[in-house]
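**Student:** following is a predicted model, sequence given first.
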Amino acid sequence: MQFKDLFSVLKETKLPVAYHHFEEGHSPRPPFMVYLVTDSDNLGADNWAYHKGLNVQIELYTTKKDLATEQTVESVLDAHRFYFDKVETYISSEKLYQTIYSITLLGG
């Protein structure tokens, strides 16, 4: 899957989704997701990246530990055969739980 296709995949969750952030004043009520490229994961030789990859972070924000919403996100990722790692934290200043799914997209 290519990066340009990721937005439509994430929309399958039926959650509000934005790249990097929502515009100020337009942030939806949780739960919602944002996604962003954290870095590249390229393989190369002879000054050429012959195998390109993008590391992407998908961030789910909820007001409580929400297993049902997490399962919805994970089911969509599984349906599209994404391998993911998951980590979560609580952002006390925002009073939000953040669950981060890390994936790698091939093709850069």
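**Tutor:** Thanks, I have the structure now.
**Student:** run the chain-centre distance for stretch 12-26.
**Tutor:** Relative to its chain's centre, stretch 12-26 lies at 11 Å (Cα atoms, centre = their mean, to the nearest Å).
**Student:** that should have said stretch 85-104, apologies.
**Tutor:** 10 Å.
**Student:** got the buried residues for that stretch?
**Tutor:** 96-97, 99, 101, 103 (16 or more other Cβ atoms under 10 Å). All C-beta spots, glycine's among them, are computed from the backbone N, C-alpha and C.
**Student:** mind putting the residues you listed in a markdown table, pLDDT and distance to residue 44 included?
**Tutor:** Listed next are the buried residues of stretch 85-104 as a markdown table, based on pLDDT from 0 to 100; distance: Cβ to Cβ, whole Å:
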| residue | pLDDT | distance to residue 44 |
| --- | --- | --- |
| 96 | 98 | 39 |
| 97 | 99 | 38 |
| 99 | 99 | 33 |
| 101 | 99 | 27 |
| 103 | 98 | 21 |
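**Student:** just for this structure, where's the confidence low?
**Tutor:** Applying pLDDT under 70 to the chain flags the ranges 108.
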